[in-house]
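> Kindly return the folded structure for what I paste below:
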Amino acid sequence: MADSWAPTLRVRETHGCCRLSLEGYAYGDGSTLQEAADALVAHLLNLAMSLRSSGVQISTELGPPDFRWLDFVYELGEIAAAGGDIRERIFGVDRRAA
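Below is the predicted model:
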């Protein structure tokens, strides 16, 4: 999966709050980087499982979607459904090696 697309991960700290975001597609906030990461993972997991169970409807009024993003979220759903840890795909770090 090293060649797979992933949105850019960004960190921003404002007034004691940390925001971890994926290029504006999704974000997690927390008082620490770990809390922000946990919130981002929870948000993405919810989004991925919703996509797997309900699919997605795309309005023609909004223009074409970013299919790379949809593929990324679907891949997260596949990883989670197989019992894997989506953090490895999101952050690019194998937690077993850490």
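> tell me the contacts of the residue most central in space within the chain?
In the chain, the C-alpha nearest the mean C-alpha coordinate belongs to L44, at 4.3 Å (Cα atoms, centre = their mean). With contacts defined as Cβ atoms under 8 Å, 6 or more residues apart in numbering, L44 is in contact with 22, 26, 73, 76, 86, 90. All C-beta spots, glycine's among them, are computed from the backbone N, C-alpha and C.
> Now go through those residues and say which are in helices.
Applying DSSP state H to the contacts of L44, the entries found in helices are 73, 76, 86, 90.
> Where does the residue lying farthest from the centre of the chain sit: helix, strand or coil?
Within the chain, the residue lying farthest from the chain centre (Cα atoms, centre = their mean) is E61, at 25.0 Å. Secondary structure, DSSP: H, G, I helix; E, B strand; the rest coil: E61 is helix.
> do the one 3 residues further on as well
Assigned state for P64: coil (three-state reduction, three-state DSSP).
> Ok, V56 next?
Looking at V56 with three-state DSSP, the answer is coil.
> can you tell me how far it sits from R12?
28 Å (Cβ to Cβ, to the nearest Å).
> Over to T60?
Taken as Cβ to Cβ, the span from T60 to R12 is 33 Å.
> Looking at these two, which one has more neighbours?
The neighbour comparison of T60 against R12 (other Cβ atoms under 10 Å) goes to R12, with 12 against 6.
> Quickly list what the more buried one is bridged to.
Beta bridges link R12 to R19 when assigned by DSSP bridges.
> residues contacting G30?
G30 makes contact with 17-18, 20, 36-39, according to Cβ under 8 Å, 6+ apart.
> So which residues make contact with the strand or helix carrying D71?
Secondary structure from DSSP states H and E places D71 in helix 67-81. Outside helix 67-81, the residues that touch it by Cβ under 8 Å, 6+ apart are 1, 4-7, 25, 44-45, 47-49, 51-52, 56, 85-86, 88-90.
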